[in-house]
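*Asks:* Sequence and predicted structure below; questions after.
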Amino acid sequence: MDDKILLAHGSGGKLSHDLIESFLPELSNPMLDKLDDSAVFDLSGRLAFTTDSYTVNPIFFPGGDIGKLAVCGTVNDLSMSGARPLYLSLSFIIEEGLPVADLKKILVSIKNTAAEAGVKIITGDTKVVNRGSADRIFINISGIGVIPEGVDISAANARPGDKIIINGNIGDHGIAVLSQREGLEFKLPVPSDCAPLNGLVSEMLAASKKIRCLRDPTRGGLATTLNDFAEQSSFGIIIEEERIPVHRAVMAACELFGFDPLYIANEGKLAAVVAAEDAEVILAEMKRNKYGKDAVIIGEVVAGHPGQVVMKTTLGASRIVDMPVGELLPRIC
Amino acid sequence: MCLAIPALIKTINGQQAEVDIEGVTRGVSLQLTPEARVGDYVLLHTGYAISIIDEAEAEETMKLLKELSEAN
Amino acid sequence: MKFVEEYRDPDLAKKLLERIHKNSRKSIRLMEFCGGHTVAIFRHGIRQLLPDTIKMLSGPGCPVCVTASADLDKAIALADMKDVIVASFGDMVRVPGSYSSLQKAKADGADIRIVYSVQDALAIASENPGKQVVFVGIGFETTAPTVAASVLQAQTEEIVNYSILSLHKICPPVMKAILDLGEVNLSGIICPGHVSAIIGSHPYQFIPDHYGIACAVSGFEPLDILLAVDMLVGQIESGQPRVEIAYRRGVKPEGNTQAVKLMESVFEVSDANWRGIGAIPASGLRLRGEYGKYDAEKRFEIEPGPAIEPKGCICGSILRGVSTPLECRLFRRTCTPESPVGPCMVSSEGTCATYYYYQGS
Ligand code: SF4
């Protein structure tokens, strides 16, 4: 095979066929191997269905790559509705000239991540576009999952008194990706937190029936997720600055470029709103999972200031935490 | 204005230095602080060291802060 | 972080606050000149912890906010030129000019690169010898020396396709202008920390001498700011205004003489237009004649057309400390960080953006 992806690889002819054949062993499962136009399967119960496109730049970053990110992203989106993720679709848009070795690396990481999450890729597509029409590789993954009986997770379910839990340090992913950005290059001792959280979520759901809301604070960071909780439940949220876990190096990078870690993206984090009486049980359960070992309670839902997130600062004052606006840009002042 | 944070100089190569901030490392220019040495903390602004942190003064300020708050 | 965390100690802060509460008797108005201080004060919630006797006003110390529409129009006009790459700090790209912003120009196909350091702009120039690279030079005395250093470096390395649109401004003249306007009755000024790391504390001496107003140079951590407030309260209560430094680890009275020398070798003082305040004599920096070939205004014919200031925006009186964003009819209604009307809403240290993010409605 050539060492670069060519337009002809997407033409539907022999080269396309070869390319797809070369994928298959990595992702093989009975449904995919049929290569029919659609994957056909039975499912029953309440279903969750989601889709997301991944365009991260750079495509390889400390702690992951676009493939791992894509699988985790979709798996996590399903998990946040309480669903057990089952099947994924996988669609590539590749800019001609992408080294085949890069594609292979991405495939291996898709395979490994899907295996870890216990999900199957059952249908897919590949397109190759002209140079400049895409940025190396874009991935779209849709996913479907089943919501277990009795599970009702929604941002609108938060009630005053509920506790808010986060499963570890915030900001790792956004800063890890930033560290590779052209012109900004710096070395960061912390990798992206990119991880599939379905295992953690199912353990949490098994431990308590009183998990009200779950959300993964990806783009827009924890601040956005908390604002969503506040807005959709029409209650207020109070968090405590000193309880928010941030790795020292991530904090340092934030200080350097003028970012607030509350607004930085995560890819292996979840924020949970849970009933106060079950908070400790859930926390203990989370700590047993490798993606939850640093879980902490960071605040609670209150009846006051509906729709608003307020942070108690370390000095004992309080301030509003608003939604972020626009792309985060490094600033000088 | 003018975001600047303290960074520790690890190595110097001509007018360029490598600095460390809690494990974050990056290259910076010493054009504005040519007298900076390895082991100094500098205030880093947009990739330039704009001043060398005076550790003795930092200690004095800390002492002053403690005195002021004890004098209450 | 060393030299940062110690200055966030909540116990010390509490005790210092108690001291300020005890010592502050007169009703006073303090201006934090610098936008960085405004952000720090809001981020840590310091305003609410100070006694009622102390009223804090925000000043014009945000280089982005004070950039005149007409100057921004020039940057956009440059970006629209063929074979020109405009390099800018991230802070500037969303700021609305008269007709557009750098961000919009970029969406329309202009080649605009966001850089963290002026060194990156220089690197872009040497990687793109077939193009002209123009760096939008914004910033006060803290940033201007870095840009001066890049010009000298371009000269040494014979990078010929590099130039600067110098919109740099200097602080003491605008402080004087605000005091001369006499609109705000100030008792003390928290002087900028990182500008002073370069220029030192002597340039503020005219403030206590001529205006009888107290001065303290401050760092950006809570204890730095509280120490500065404590110093100002002390000066005011005792009736002895002077210039003190609450940020001695970063600021020497004489400043960074090497950096000043470098800045003065490349730039000379010129008149400058401040958004909302107007022309202030000798308050800006332009490239000296011998560096004319690095001056984008000389290298290119820039004709951006007449500047228009946004209607209804009261940024100007906010920058002068006369009004707060809450008095602006557009605040939070038509003007949000998402669709900013004036620059004070764009820059993350702009007073309007700070109120928006940290103060709620
Ligand atoms: S809120 Fe907007 S329109 Fe009003 S003064 Fe501030 S920037 Fe100008």
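*Replies:* Happy to help now that I have it. Numbers count the residues shown, from 1 in each chain, chains lettered A, B, ... in the order given.
*Asks:* Skipping adjacent residues, who's closest to the closest residue to chain A within the stretch 201-350 of chain C in space?
*Replies:* Of all residues in the stretch 201-350 of chain C, residue C:337 sits closest to chain A, at 3.9 Å by Cβ to the nearest Cβ. Heads up, the C-betas are built off the backbone N, CA and C, glycines and all. Closest residue to residue C:337 apart from its sequence neighbours, by Cβ to Cβ, 6 or more residues apart in numbering or on different chains: residue A:325 at 3.9 Å.
*Asks:* Neighbours of the one you found, how many?
*Replies:* For residue A:325, the neighbour count with other Cβ atoms under 10 Å in any protein chain shown is 20.
*Asks:* Which residues does the most centrally placed residue in chain B form beta bridges with?
*Replies:* In chain B, the centroid-proximal residue (Cα atoms, centre = their mean) is residue B:42; its distance is 2.3 Å. For residue B:42, the beta-bridge partners are residue B:7, residue B:52 (DSSP bridges).
*Asks:* Over to residue A:318?
*Replies:* Applying DSSP bridges, one finds that residue A:318 bridges with residue A:312.
*Asks:* count of residues packed around it?
*Replies:* 17.
*Asks:* buried stuff in stretch A:105-113?
*Replies:* Neighbour-count burial for stretch A:105-113, counted by 16 or more other Cβ atoms under 10 Å in any protein chain shown, picks out A:106, A:107, A:109, A:110, A:111, A:113.
*Asks:* Wait, the second one touches residue A:23, no?
*Replies:* Going back to what we said before, that points to residue A:107. Yes: in this structure residue A:107 lies within contact range of residue A:23 using Cβ atoms under 8 Å: 6.0 Å.
*Asks:* one step back: what's the neighbour count on the residue of the stretch 201-350 of chain C closest to chain A?
*Replies:* Around residue C:337 there are 20 residues (other Cβ under 10 Å).
*Asks:* Contact partners for it?
*Replies:* Contacts here follow Cβ atoms under 8 Å, 6 or more residues apart in numbering or on different chains; on that basis residue C:337 touches A:325, A:326, C:345, C:346, C:353, C:356, C:357.
*Asks:* mind checking the SS state of it?
*Replies:* Of the three states, residue C:337 takes coil according to DSSP: H, G, I helix; E, B strand; the rest coil.
*Asks:* do the same with residue C:114
*Replies:* strand.
*Asks:* For it, give me its contacts.
*Replies:* Counted by Cβ under 8 Å, 6+ apart, residue C:114 has contacts A:183, A:329, A:330, C:87, C:88, C:89, C:90, C:93.
*Asks:* from the residues you listed, which single one is nearest residue C:203?
*Replies:* residue C:89 (24.3 Å; Cβ to Cβ).
*Asks:* Just the terminal-to-terminal distance for stretch C:136-145.
*Replies:* Start-to-end span of stretch C:136-145 (Cα to Cα, to the nearest Å) is 14 Å.
*Asks:* and if you look at stretch C:235-250?
*Replies:* By Cα to Cα, the extent of stretch C:235-250 from end to end equals 22 Å.
*Asks:* Please see if it touches chain B.
*Replies:* Yes: part of stretch C:235-250 sits near chain B under the criterion Cβ under 8 Å from any Cβ of the partner chain, namely C:246, C:247, C:248, C:249, C:250.
*Asks:* Same list (the residues you listed) but as CSV, adding secondary structure and distance to residue C:292.
*Replies:* Below are those laid out as CSV (DSSP: H, G, I helix; E, B strand; the rest coil; distance: Cβ to Cβ, whole Å):
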residue, secondary structure, distance to residue C:292
C:246, coil, 41
C:247, coil, 37
C:248, coil, 40
C:249, coil, 39
C:250, coil, 34
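*Asks:* Dump those to TSV, plus neighbour count and distance to chain A.
*Replies:* Shown next, in TSV, are the residues of stretch C:235-250 next to chain B (neighbours: other Cβ atoms under 10 Å in any protein chain shown; distance: Cβ to the nearest Cβ, whole Å):
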residue	neighbour count	distance to chain A
C:246	25	17
C:247	28	16
C:248	22	21
C:249	26	16
C:250	28	14
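*Asks:* So what does the nearest residue to residue A:233 once chain neighbours are set aside look like in phi/psi?
*Replies:* Spatially, and ignoring its direct neighbours in sequence, residue A:233 is nearest to residue A:158 (3.8 Å; Cβ to Cβ, 6+ apart). Torsion angles at residue A:158 (phi, psi; degrees, to the nearest 10) stand at phi -60, psi 140.
*Asks:* Test my guess that the residue nearest to the centre of chain B contacts residue B:54.
*Replies:* No: with contacts counted by Cβ under 8 Å, residue B:42 stays clear of residue B:54, the gap being 11.0 Å.
*Asks:* so where do the helices sit in the stretch 151-300 of chain A?
*Replies:* A:172-178, A:198-207, A:221-233, A:248-257, A:279-287 (DSSP state H, counting those that start in this stretch).
*Asks:* which residues sit in contact with the residue of the stretch 51-200 of chain C found nearest chain A?
*Replies:* Of all residues in the stretch 51-200 of chain C, residue C:90 sits closest to chain A, at 2.9 Å by Cβ to the nearest Cβ. Applying Cβ under 8 Å, 6+ apart to residue C:90 gives the contacts A:329, A:330, A:331, A:332, C:114, C:116.
*Asks:* Next one: the residue of the stretch 201-350 of chain C closest to chain A relative to residue A:306, how far apart?
*Replies:* Per Cβ to Cβ, to the nearest Å, residue C:337 is found 22 Å from residue A:306.
*Asks:* from memory residue C:174 sits against residue C:283, does it?
*Replies:* Yes: using Cβ under 8 Å, residue C:174 makes contact with residue C:283 at a distance of 5.6 Å.
*Asks:* follow-up on the earlier one: helices - which of the buried residues of stretch A:105-113 land there?
*Replies:* Among the buried residues of stretch A:105-113, the ones falling in helices (DSSP state H) are A:106, A:107, A:109, A:110, A:111, A:113.
*Asks:* would you list the residues you listed in JSON lines and tack on pLDDT?
*Replies:* Converted to JSON lines, those look like this (pLDDT from 0 to 100):
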{"residue": "A:106", "pLDDT": "96"}
{"residue": "A:107", "pLDDT": "94"}
{"residue": "A:109", "pLDDT": "96"}
{"residue": "A:110", "pLDDT": "97"}
{"residue": "A:111", "pLDDT": "95"}
{"residue": "A:113", "pLDDT": "98"}
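*Asks:* Which single one of these is nearest to residue C:303?
*Replies:* Nearest to residue C:303 among these, with distances taken as Cβ to Cβ, is residue A:106, at 48.8 Å.
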